[in-house]
Structures are given as C-alpha cells and as structure tokens.
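Asks: take a look and give me a structure for this.
(chains A and B)
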Amino acid sequence: MSAIGRLGRRLYRGEVDIDFVGRYKLWSILSGALLLVSVLGLLIQGLNLGVEFKGGSVFSFTKPPSSSIQEVRSTFEEAGVHQVIVQEAGPRWRVTTETMPAAEVTRVQNTVSSEFGIPGNQISKQIIGATWGGEVLNKAVIGLIVFMIAIILYLTMAFEWKMAMAAVVALLHDLVITAGVYAWSGFEVTPATMLGFLTILGYSLYDAVVVFDMIKEVTAKLGTASKMTYTEAANNALNHTLIRSLNTTLVAILPVAAILFIGTTLLGAGTLKDLALALFVGMLVGTYSSLCVATPLLVLLKEREPKWTALAKRLQAQRRGAVKDALVKGAVPAAATSSAKAGGGTVATAKRKKR
Amino acid sequence: MARSTSSQSRPGRTLLALLALILAMGAAMFLQKALTPKYGLDLAGGTTVTLSPVTQDGKTPTQESLDLAVNIIRDRVNGTGISDAEVAKSGDNIVISVPGAGQEEVVKKVGTTAELRFRQVLAWAPANAVPGKMPTAPATPGASGTPEPSSTAKPAPSSTAKPAPSGTPAGRALSSALTAPSPGATPSASASAAPSAKATPAPSAPASEPPPAEQDPLAGVDTSGVDPAVLAQFRTLDCTKKDIGQGVQDDPDKQFVACSQDRTAKYVLDKAAVKGTEVSGASAGVDPTTGEWIVQVTFKSKGASQFSQITGAITSQPEPRNQLAMVLDGLVISSPRIEEAIPGGQARISGSFTQVTATDLADQLKYGALPLKFVQSSIEEVSSTLGADQLRGGLLAGAFGLALVVLYCLLYYRGLGLVAVASLVVATVLTYASVVILGHNAGFRLSLPHIIGLVVSIGITADSFIVYFERIRDEMKEGRRSLRVAVEVAWVRARRTILIADAVMFIAAVVLYFLAVGGVAGFAFAMGLTTLIDIAVVFLFTKPFVAMLARLKFFAKGHKLSGLDSERMSQHVPVTAPTTVTQEG
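Replies: The predicted model follows:
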C-alpha cells in the first residue's frame, strides 16, 4: 500500500522515470498480439451490425391497454430477438428488430399475440431497409481517408512527417483493436458505435499530439554536444507528460466508465452500452498507444537520422568509459551518480540493474 | 495591476468579456424564448412519413431509381447533416423519419419529384465569390456561439475550410465536352482533350471576369436576357453552405440559379430546353480509340429534336453560353461545352472522367430521367427510439461520472481543482447555450450520440487545463520565484500545445462534417463546436482566472490546500532525475 502511495507521490512530483521507449520489444509483442487477435476476430466473428446498417423487420400492433415500452421490449427479447427498438406510433407500438427468417417471424408473432392477447393477423410486419446504407458508409470511409491525409499534412507542418506517421499508425492501431473488441464481444455496431469510433480517433490523436509536442520541445534543445540521446530525451519527455496523460485519461474515462457501468448493469442492452464500450476501450488503448506505440515508433524512425545516430554512438562510448572508470574504483553508487549526470536515460539503466 | 513582468495580461478584462459573451447568449435565448435544446429522433421522437414512389406512367419504380430517390431525399431532409433525420427503403416504399411532431412542411419538401433537365448556361461564377462573405476561420470563440439571426445562420464551421480548392472551380464539369458520335469520333475525341486543357475557367474567363470579380460575381459578365430577380438570387447564392438547395423545384419554364453538385461553381441557367423524360438511356463506357471514359446519352424522338435544336443554337455563342447544364434535383451535375450541333438523338460526353465519375453521371442521367412521383401513404407521430429508461440512465451515469471528475480534480489539484471545476461549469454553460441557439436558428438537433460526444469532450476540455496546470507546476519546480511569473511563462508554453491539439480535433470535425452525411455530420458538428468552446474556455476563463488567483496570498505563498504548496512540489532540487537515485540509493 505504502509502495503505491510512494509511487503516487512520486508521480505527483514528476519524479518517476519509466523506460517506455526502452521496452519497445515488450510493447511490440503486446500490440502485435492484440492486433492479431483483433484481426482474427474481425475475420472469424465479424462485426455484429445493427438494424441501421443491415435493415430489419418492423412489427406494428395496436397498443393493448397498460403495456409499457419495457414490457414490449422484454417480450420481444424473450422471443429471442436482438436489437429491439420500441417506439410509440400514435395508438400503436412500432417495434424494429433485426432481419429474421420467416419461421422466426411467425414465432415472434405468436409470442406477442399470446402475451398481449392480440390476434396474430393484427400484427403487421414489414421489411425495412438500412437507414445507414452503403452511401452513408461510403462517405464515412471517404471522410476518414481525407481526414487521415489532412492530419498527416497538418502534423507534418506543425511537427514533422515522422511524427505524423507515428501518430497515424498509433491511431490505426487503436481503431483496429477497438473493432476487435467489438468482434469478439459480439456487441452490436450501431451508428452510435461508429460515432464512438470517431471520438476515439480525435482522442487518440489529441493524446499523441500533446506527447509529441513535449518531445519536440525537449529534443529541440539537443545539440551534438548534448548528454542525452534522442531516445532518452523522448523518454524523458514522455515521463514529463505522464501525469498529464494519466490525469486526462482518468478525467475523460470516469464519465464513460460510469455510463458503461450503468449501461451494462442496470439497463441491459442498449445504445448507451454500445457507445460507452467503444469509448472505454478506445480511450484505454489510445492512452497506451500514445505512450507505448507512437513514441517508440517515432524514436525508431528518428534514431536512423545520422545526427542522432552519431550522438548515440558518441554517448555510448563516453558512458562505457565512465562505467569502466567507476568499476575500476569499485564503487557501484559512484557509478550511479556519475552516470546520472548524463541524464534521464542512464537513471533508467541504473534502476534496471537494481531489479 | 500593471506591475508584473513581460507579456502583461489583463485577466479582469478578459473575464468581463467572457461574462458579456455569456450574457449575450443568455439574452439571445430569452429573446427567442428558446431555453431548451431541440432534440433528435432518438430522444424526442418525431414524424414518420411513408412515401410510395411510382414512375410517371404509374409503374413500380426499379430498385436503382428507388436507391437514387432515397439518396436524393436523404440530402433533402438533412441537407445540413445536423437535423438528425432518417431515410430508409421499406420494400417499395420510402420511410422518412424527421425529429419533432407535426412536420408537414418536411413532407411537402421531400415529396416533390426529382427530375433531370437540360438548361443552357447563361452565366457562372466560382462558388466562393460571394460578396462580403469571405470565408473566415471562426477560431475566435465569439463566432462559435453568437447567434446569427439572419436566415443564413449556419453552423460556424460551414464558413471555414471549404475542402474544394478555389483554383479549379467546376473542374470536371467544364472540361467535359459534348460531341456527336459520328464516324469522325476519333478526331473529335482527341480534340475534346484539347479544350479540356484550355477550358480551365480562370484562363478562359479573364476577359469576362476582371479581378474585382471577388466583389461581384457578375462583374463584366454578359447578363443580357437574364431576369434581374434571378441575378439578385445569383449574387447571394452561397454554395459553400452545407444545404445548397437540393430539392428546390426548378420550374422548367423559368430561369434558374443553381450550385454545381461538387459546390465549386454556381450558375444562372436558362429555361429548360430538354426535360429528363426525353432521355431514353445513358451508359458509361470506354472510348475504344482513346481509352477515355465517356458517357453516352440517347434521347427519345421529341427529345432528340429538342436537343439538336438547343445544341445547334448555342455552339456559336461565347463562353459560358455555349455550355449545356444538366440539372438534377436543383443541382448542376455537369455542364459540358457544346462543340457542335448534335442531331440524331445520341450524345457523347467526354472529358476527364474516371470510371466512377462516368458511371455516376450515367446513372444520374438514366434514373433522374425517370421522375418518381411520391404518393404519400401514411404519416404518423412516433415516440423516441430510445426508451426513457435509457435516457434516464444516461443522464444519471453522466452526472455520476461528472461528480467523480469533480472529486478527482479537487483531490488532486486542491485549490487549482476549483479552477478546473469552474472551467468545466463555464464550458457547460457555453455548450448548453450554443446548442440551444443553434437548435433554434440552424436546425441543430441534439441526439444521444451528441450528448455522449459532449460528455466525452469533458475529457478534452479538462486536458487543456491539465496541460496548463502541469506546466505551472513544472515552472514552480524549476524554481521560478513567483507564482505570477510561473503562470505567465507556463501559459505561453501550454497555449501552443493546446492550440495544436485542438487544431487536430477541429480538422477532424471539419473534414467529417463536409464529407460525411447523416448522423456523422451532426456528430462532427458537435465535436467542432466543443473544440471551439474548449479554446474559448481556456483562453477566456481558465488562464485569466488562474492569473487572478496567482495574486492571492493563498496561492502565491503555496498554501497546503492550494495545490501549489512547496511540500507537495518537489522541495528543493530543480533537476528531477538524480533525485530518484539518491532517494532510493
């Protein structure tokens, strides 16, 4: 407990130094596995598209006295129907469901008829097309592509193309994983879910942009004679914004978590839950990816630049010398302090030794 | 007051400006007697209309023409994309649901037929040359929420960042050319490529369009024979708006003003020369000799003679009167230049088509040629699609989540947490007022996804001041002497981060608003709105408020509860890294 308390205090003071970038192997294995599982889910399970995309059936019948929306909905759900939307249309109930085979329709009709005492032939049924048809979806996809291009251009201008790439890759990563969660959980994909996806899009980028802005600021100060490699500086920047990232995520996710919790426990199926899940997963993944995917990827791209390679080489040689000196003296703490002067990255090294 | 260092801020004034803004919005709400937002279908229910389309000769329409009709109607009922209407095909019927009860006027609007017409172009101008209304970025918070009482009151984003570059107005439409499918097709086909090169409006137009064209789209244009009323309409037509007149019933016997479908150009058009009913077919194909995509149109006998007559009459006329526009549902879908009279009832449109654009045009000509009549079969009021329980649950959850956020802010940021909570309150007030005002002036309908989007935007809003607070704390840790200086220095750094991050959100919102339809557009609109409000809150409230508080002893001296106390900041060392080691080692 006190360990957590201490971590909390150190987080608060900004003294924590976690080697995010150095653990890129761990992250790439983790992300790779998540992506694989997600893609498999999309291929094997597929997405459970809602009535709005696939079209469905509409049942309509005169309102029996004293029947509530909840009753009508549960009657349909008991008959084994998913995606039930109940509406009052004047003196009638109008119930939209997924598309069903004829036998199923008859069964539902019978259930409703016995439950509410309405003759089966007075329940009208209709097939309805998708309100979110191909055109809407196509345009959404085009919008998405243009959006990606616009963002890449903007970030290239505001930062540089490597940061733009890293941010967009992290974004795609988030979208695929969120979609994977939907595939495996079988939660319904409604227009609301789609909009949840779009929110994630903005959120994921937002998060990455704030981190990158700090990285840009920190690395801009690095010259050829600096004591930090690009990797270390980036990691340092990441730790600097860590509290912000955690706080932001917490503040953003608390309401969503509340909606998700209430949506699943109190309300059963419904739009709320579908939307909240997309957001919940997307935000978690978004925070993870801006720390553990976007930044390591950026570092990978940047360390190939001659300027940074040279710096890293020089520092490596220098430090090897320093450690050797220290070992000759035989004092480990001395090694730690002397190398600590080199900056954040070496502190991480020292800590790793301790474990 | 004006004693402290460098970039002098006047927090009091800024806060007063914000107060004025809020009061203005409040006054607007009271004057319009609009105190609650307008809700969308899922929250408020609405009117559902079932239309049974039949072709003009009373037959059942084909599925293709039905699909086209659904798309046209979708554009009509939800032209701006923020009114949350739904259109679906139901068997051979079309079901339209619009939010709100008793929406008869909507039924009237969508129940009209969409017919293709061929009209001679009398004048045209690039769409963005609307006098006195240059696109300006509404980055200023004032633009986000101020009511625009005029009939052109449209969502702020619509006047910004028009995706179409002004350099190529009416790109394809003008570069296509109508030529006769004669044996001499080969030379004329290759010739059609040449005009397409010189046809770019800018070079061909200078004689008729001098630079001041920006002030008046008609300056220097030959307007002889054009009805002055139509010209006045032309001047004020704004094709950058989301709703650009779909479904305007163009009277075939009158002159007509229309935007191009890609909203890059606007036209004055003559009376209809040929009606769509005279088109017997259209198809897209590849010209075997040039490999170019082309569209072939065939006319019925009466249409053939009308078409031959109009093409003969206009070929010799000066630009742009030698163009023949095809108008579908109030929009110009193409306006090729006529090179020669086209007899025989067969026309060929060539130009810079791709497979997609050629097929699109052919479909529009073919199905638009079969005007559907809509017989209204039923109209009923429906309740919301979302149960009251869901709505209640959502509100409850939202309130609970917000309470958690407030609690967390206070626990973590102590005194600064109050600023955070106050900022959220200001953001909420601004958002609510904007939604109400937009609902009553621009038809913005709040639906559940919007509400959730707004709840999520709490995170984005909060992030802005978290970024700022963390910067202040960084400054303090690095040993700035006074809080007042730290507040200013931190602001300069935080401001850039906030603006870049918000720009990303805003780009997302603008792109999605203009390119997506239906619910996505409405959602993007809400997203753009909250981004602007976020900027407004941080600039007009959070920063000045913090600057004011920094003068209080409570904060400046780092009281234990201020969130800036020296004990909870790292006490001594400015550099953070070595501390870790010394503490543990």
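
Asks: okay, CA-based contacts and neighbour counts for the rest of this
Replies: Noted.

Asks: how many neighbouring residues does B:Q255 have?
Replies: By other CA atoms under 10 Å in any protein chain shown, the residues close to B:Q255 number 21.

Asks: and A:P101, by the same measure?
Replies: Residues within reach of A:P101, counting by other CA under 10 Å, total 7.

Asks: for it, give its distance to B:G312.
Replies: Note on A:P101: its distance to B:G312, by CA to CA, to the nearest Å, is 58 Å.

Asks: what does B:D360 give?
Replies: Taken as CA to CA, the span from B:D360 to B:G312 is 27 Å.

Asks: and for B:L552?
Replies: According to CA to CA, B:L552 and B:G312 sit 83 Å apart.

Asks: who has more neighbours, those two?
Replies: Taking other CA under 10 Å, B:L552 and B:G312 do not tie; B:G312 has more neighbours (18 against 13).

Asks: so which strand or helix has that one?
Replies: For B:G312, the host element (DSSP states H and E) is helix B:301-314.

Asks: dump that helix to PDB, restricted to CA.
Replies: C-alpha atoms of helix B:301-314 as PDB (Å, rounded to 0.1, in the frame of the first residue of the first chain):
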ATOM      1  CA  SER B 301     -37.700  11.300 -80.700                       C
ATOM      2  CA  LYS B 302     -39.100  14.600 -79.300                       C
ATOM      3  CA  GLY B 303     -36.000  15.000 -77.000                       C
ATOM      4  CA  ALA B 304     -33.700  14.300 -79.900                       C
ATOM      5  CA  SER B 305     -35.100  17.200 -81.900                       C
ATOM      6  CA  GLN B 306     -35.100  19.500 -78.900                       C
ATOM      7  CA  PHE B 307     -31.600  18.500 -78.100                       C
ATOM      8  CA  SER B 308     -30.400  19.000 -81.700                       C
ATOM      9  CA  GLN B 309     -32.100  22.400 -81.700                       C
ATOM     10  CA  ILE B 310     -30.500  23.700 -78.400                       C
ATOM     11  CA  THR B 311     -27.000  22.300 -79.200                       C
ATOM     12  CA  GLY B 312     -27.200  24.000 -82.600                       C
ATOM     13  CA  ALA B 313     -28.300  27.300 -81.100                       C
ATOM     14  CA  ILE B 314     -25.700  27.600 -78.500                       C
END
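
Asks: what mean pLDDT does that helix get?
Replies: Averaging pLDDT along helix B:301-314 gives 86.

Asks: buried stuff in the helix or strand where B:A524 lies?
Replies: Using DSSP H and E, B:A524 sits in helix B:519-537. By 16 or more other CA atoms under 10 Å in any protein chain shown, the buried positions in helix B:519-537 come out as B:519-537.

Asks: what's that helix packed up against?
Replies: Helix B:519-537 makes packing contacts with helix A:191-220, helix B:141-145, helix B:388-441, helix B:448-477, helix B:483-515 when contacts are defined by 3 or more CA pairs under 8 Å, 6 or more residues apart in numbering or on different chains; DSSP states H and E.

Asks: by mean pLDDT, show me the worst of these.
Replies: For the helices and strands packed on helix B:519-537, mean pLDDT drops lowest on helix B:141-145, to a mean of 36.

Asks: for the stretch 301-450 of chain B, which residues are neighbours of chain A?
Replies: Contact residues (CA under 8 Å from any CA of the partner chain) of the stretch 301-450 of chain B with chain A: B:380-387, B:389-390, B:393-394, B:397-402, B:404-405, B:408, B:448-449.

Asks: now, of those residues, which are buried?
Replies: The neighbour count (16+ other CA under 10 Å) marks B:380-387, B:390, B:393-394, B:397-402, B:404-405, B:408, B:448-449 as buried among these.

Asks: since that was my last question, I'll sign off now.
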